[in-house]
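Q: Predicted model, plus sequence, below.
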Amino acid sequence: MNFNHQNMNNVPPPYYGGGYVSVASQTNAVMKRVYLRMTIGLLVSAFVALGVASSPTLISILFGNPIVYWGMFIAMFIMAFTIPAAMNKLSNGAMIGLFVLFAALMGASLSSIFLVYSLGSITSTFFITAGTFGAMSAYGYFTKTDLTKFGSFLFMALIGLIIASVVNIFLKSATMMWIVSFVGVLIFVGLTAYDTQQVKHLAAANLDPALTDKLATIGALNLYLDFINLFLYLLRFLGASRD
């Protein structure tokens, strides 16, 4: 999400009734919640994916019925937009619950990778993704460069990537698939740094504690999606077939 954080350096430390809280302390506290919730989301997705993949019945229900399959993706698409949009109307608990539900649905959709790729290649790709994500997230957190202008470019590139992916569903071009995968890796590497910086700027702002907690959930959702997409695009390059 493209959050407006202009002039945040001039915002005074927040006052929560019991005294002033330093910007550094507030930022660290929010970022810990962001990464913790993101990790929980990834764990939920992993366990659900493994559970579904190990059940022929669930695989048949999810991937053998077009209504269930597309309904799951439509539900995730709607949730990805409605969770941030309904931030002011939802409680902290409701937002976290919806995020966990989203992660569970994502896990169910990801179960198919265990039917296509070997477990070893999935595991090694996950750790490569984690290392890449960690490095870029650290860059986004510590860099003094304003990544806002790069964020605008990355979002435009992401739209192009989605269009190219849809077109290739019909073209079935192996060359385009590799190009899309390579560009996808670059886009989500960049978005990881960008989204981390945006979360950091929001965490440093003068915000109400309840609102800050909700923004931590939104930040976790954004970084979770960056991680998942980066993992899937890398898996196209590094994944070994089960055969």
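A: Okay, I see it.
Q: Any regions of this structure where pLDDT drops low?
A: For the chain, the stretches flagged by pLDDT under 70 are 1-21, 206-207, 210, 243.
Q: in it, which spans are helices?
A: Here the chain has its helices, by DSSP state H, at 23-53, 56-64, 66-85, 92-110, 113-116, 119-142, 148-171, 174-203, 209-238.
Q: Please convert these to TSV, extending it with mean neighbour count.
A: C-beta here means a position set from N, CA and C on the backbone, and glycine is covered the same way. TSV is the format used below for these (neighbours: other Cβ atoms under 10 Å):
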stretch	mean neighbour count
helix 23-53	18
helix 56-64	13
helix 66-85	13
helix 92-110	19
helix 113-116	14
helix 119-142	16
helix 148-171	13
helix 174-203	20
helix 209-238	21
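Q: Residue 104 and residue 38, how far apart?
A: Separation of residue 104 from residue 38 (Cβ to Cβ, to the nearest Å) stands at 15 Å.
Q: Hmm, I typed the wrong one, I wanted residue 145.
A: Separation of residue 145 from residue 38 (Cβ to Cβ): 23 Å.
Q: what does residue 57 give?
A: Taking Cβ to Cβ, one finds residue 57 at 31 Å from residue 38.
Q: Spatially, what comes nearest to residue 168 if we skip its sequence neighbours?
A: With sequence-adjacent residues excluded and distances taken as Cβ to Cβ, 6 or more residues apart in numbering, residue 168 is closest to residue 176, at 4.7 Å.
Q: repeat for residue 242
A: residue 118 (5.2 Å).
Q: residues contacting the one you found?
A: 239-242 (Cβ atoms under 8 Å, 6 or more residues apart in numbering).
Q: Can you tell me how far it is from residue 133?
A: 22 Å.
Q: what does stretch 151-162 rub up against?
A: 2, 180, 183-184, 187, 190-191, 194, 198.
Q: And for stretch 52-72?
A: 51, 105, 107-109, 111-112, 114-115.
Q: do the same with stretch 102-113
A: 40-42, 44-53, 58-59, 62-63, 72-73, 75-76, 79-80, 83, 122, 221, 224, 228, 232, 235, 239.
Q: CA atoms only: put it into PDB for me.
A: This file holds the C-alpha atoms of stretch 102-113, laid out as PDB (Å, rounded to 0.1, in the frame of the first residue of the first chain):
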ATOM      1  CA  PHE A 102      -6.600 -15.200   4.400                       C
ATOM      2  CA  ALA A 103      -3.400 -17.100   5.200                       C
ATOM      3  CA  ALA A 104      -5.300 -20.400   5.600                       C
ATOM      4  CA  LEU A 105      -7.000 -19.900   2.200                       C
ATOM      5  CA  MET A 106      -3.600 -19.100   0.700                       C
ATOM      6  CA  GLY A 107      -2.200 -22.200   2.200                       C
ATOM      7  CA  ALA A 108      -5.000 -24.300   0.700                       C
ATOM      8  CA  SER A 109      -4.300 -22.800  -2.800                       C
ATOM      9  CA  LEU A 110      -0.500 -23.400  -2.400                       C
ATOM     10  CA  SER A 111      -1.100 -27.100  -1.600                       C
ATOM     11  CA  SER A 112      -0.800 -27.900  -5.300                       C
ATOM     12  CA  ILE A 113       3.000 -27.100  -5.300                       C
END
